[in-house]
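>>> no sequence on this one, just coordinates:
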């Protein structure tokens, strides 16, 4: 990467930040510049990126890391523009944000049970945006499918947006009594997860709430 200063793991997880690498919103773990007056910050996936990578959705296919996207390119997982770091395959022509390439295959609840599984298809309208297509006309992208029925799903793009968009709206002093609102319904309080920095548990809480509201 072109940033010349040493990066270090941030001691606290952030509710929202703009990654200097891929230019995408982030939340949780990040790497920051060793100089306090430098605002350079990276997703964990961008800071720990490798030159070549693979993905289970693409057999016998290597993705190469690029640091600057060409104008007009977009991610085949979420449909959002490629503005900075991205991975691309010369074989398939597909391109992915670093965070999209590293999406978890399964989302687990607190009991360790799989409640959502990553899919390269969108089997139904997204339970969050109520549409099958995202961003671009006739583009569906990837989704997380609820294991409860194997059909209900949430777009990867919606899933990525929900956490930083909702966390950044609440002042820190009010998080203990704040509720998250998705699909027009009040769901569950995830303040404890936010204060302790356990964003993973927050994600599980979010998707479980979506599943309940969808039912």
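Received the coordinates, thanks. These numbers were taken from a predicted model, which means no experiment stands behind them.
>>> mind checking the SS state of residue 160?
Three-state call for residue 160 (DSSP: H, G, I helix; E, B strand; the rest coil): helix.
>>> Now do it, the pLDDT please.
The predicted local distance difference test score for residue 160 is 83.
>>> what sits against the nearest residue to it once chain neighbours are set aside?
Distances taken as CB to CB, 6 or more residues apart in numbering place residue 78 nearest to residue 160, at 6.0 Å, with adjacent residues excluded. To be clear about C-beta, it is placed using only N, CA and C from the backbone, and glycine gets the same treatment. Contacts here follow CB atoms under 8 Å, 6 or more residues apart in numbering; on that basis residue 78 touches 97, 100, 134, 135, 141, 142, 155, 156, 157, 160.
>>> Ok, residue 86 next?
22, 65, 66, 69, 73, 75, 95, 96, 97, 98.
>>> Kindly indicate the member of those with the most neighbours.
Each of these was scored for neighbours by other CB atoms under 10 Å, and residue 97 scores highest at 32 neighbours.
>>> Now for the closest residue to that residue other than its chain neighbours: which residues touch it?
In space, and not counting its chain neighbours, residue 97 is closest to residue 75: 4.8 Å by CB to CB, 6+ apart. By CB under 8 Å, 6+ apart, the contact list for residue 75 reads 81, 82, 86, 95, 96, 97, 100, 141.
>>> so the second one touches residue 68, yeah?
Put plainly, it is residue 82. No: proximity of residue 82 to residue 68 does not meet the contact threshold set by CB atoms under 8 Å, at 9.2 Å.
>>> Between those two, point out the one with more neighbours.
For residue 82 versus residue 68, neighbours defined as other CB under 10 Å are more numerous around residue 82 (24 against 10).
>>> So which of the contacts of residue 75 belong to strands?
When DSSP state E defines the strands, the subset of the contacts of residue 75 inside them is 86, 95, 96.
>>> now, which of those sits nearest residue 104?
Checking the ones in strands among the contacts of residue 75 against residue 104 with CB to CB, the nearest one is residue 96 at 14.4 Å.
>>> Next one: that closest one from residue 34, what distance?
Noted for residue 96: a distance of 29 Å to residue 34, by CB to CB, to the nearest Å.
>>> do residue 63 as well
On the measure of CB to CB, residue 63 and residue 34 end up 29 Å apart.
>>> out of the two, which sits in the more crowded spot?
residue 63 (24 against 10).
>>> Need the pLDDT of the closest residue to that one other than its chain neighbours.
Nearest-residue entry for residue 63: residue 87, 3.9 Å, with adjacent residues in sequence omitted and distances by CB to CB, 6+ apart. If you check residue 87, the pLDDT there is 97.
>>> just checking, residue 87 touches residue 77?
No: in terms of CB under 8 Å, residue 87 does not count as a neighbour of residue 77; the distance is 10.3 Å.
>>> anything in contact with each of the two?
Any residue near both residue 87 and residue 77 by CB under 8 Å, 6+ apart counts here, and that gives 96, 97, 101.
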